[in-house]
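Colleague: Fold the stuff below for me.
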Amino acid sequence: MIDTQSRCSALSQRKSTYVATLFLMALLISSCATQPWYDTPPVMPVPVSPEVAAVLGPAAMVTFTWEATTRTETYDIHIFNAVNSDIDRHMQRGLRPSQVCQDGICRVTLSLSLPASDRHAWRVRSVNVAGFSAWTRNLFTWVDQ
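Modeller: Numbering: from 1, shown residues only. As a prediction, this is how the structure comes out:
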């Protein structure tokens, strides 16, 4: 026969384990609730300007704009240098909508200096925890003079 003290000790241990489990579950749920969760990647943004075939340059500040998308946590923007295939110089990742978007339009202004070409491109994509949208692609011409 189990004595009362052993029975109380076993019950106390189970109660402690139960309380610890509840605490850990609450901690997990509260940490997950601070970030949105999406089942699908966001849709591709719609570029606004510069428009396809725009003529830009010489060395200038250029504002790139696109329509904000839903289910987006961040945006990536990339300026492709068609002459030397430089893909890193004008790449910005992790742009938060709260920093670059207002009234449904997102804007990033970059200081550009590119070699003359009619094959440069700018592109933007939306990002969330489920993945990436497709990249947009707007070709533009850069002139030296």
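
Colleague: for the chain, what's the longest strand?
Modeller: strand 117-128 (DSSP state E).

Colleague: Which neighbouring elements make contact with that strand?
Modeller: Strand 117-128 is packed against strand 60-67, strand 74-80, strand 138-142, with contacts defined by 3 or more CB pairs under 8 Å, 6 or more residues apart in numbering; DSSP states H and E. Placement of C-beta: from N, CA and C, glycine included.

Colleague: Of all those, which one comes closest to A130?
Modeller: Closest approach to A130 among the helices and strands packed on strand 117-128 is made by strand 74-80 (12.7 Å; CB to CB).

Colleague: Tell me the pLDDT of D118.
Modeller: pLDDT recorded at D118 is 94.

Colleague: still on that earlier bit, sheet-wise, list the partners of the longest strand of the chain with their directions.
Modeller: Strand 117-128 sits in its sheet next to strand 74-80 (antiparallel), strand 131-132 (antiparallel), strand 138-142 (antiparallel), going by DSSP bridges.
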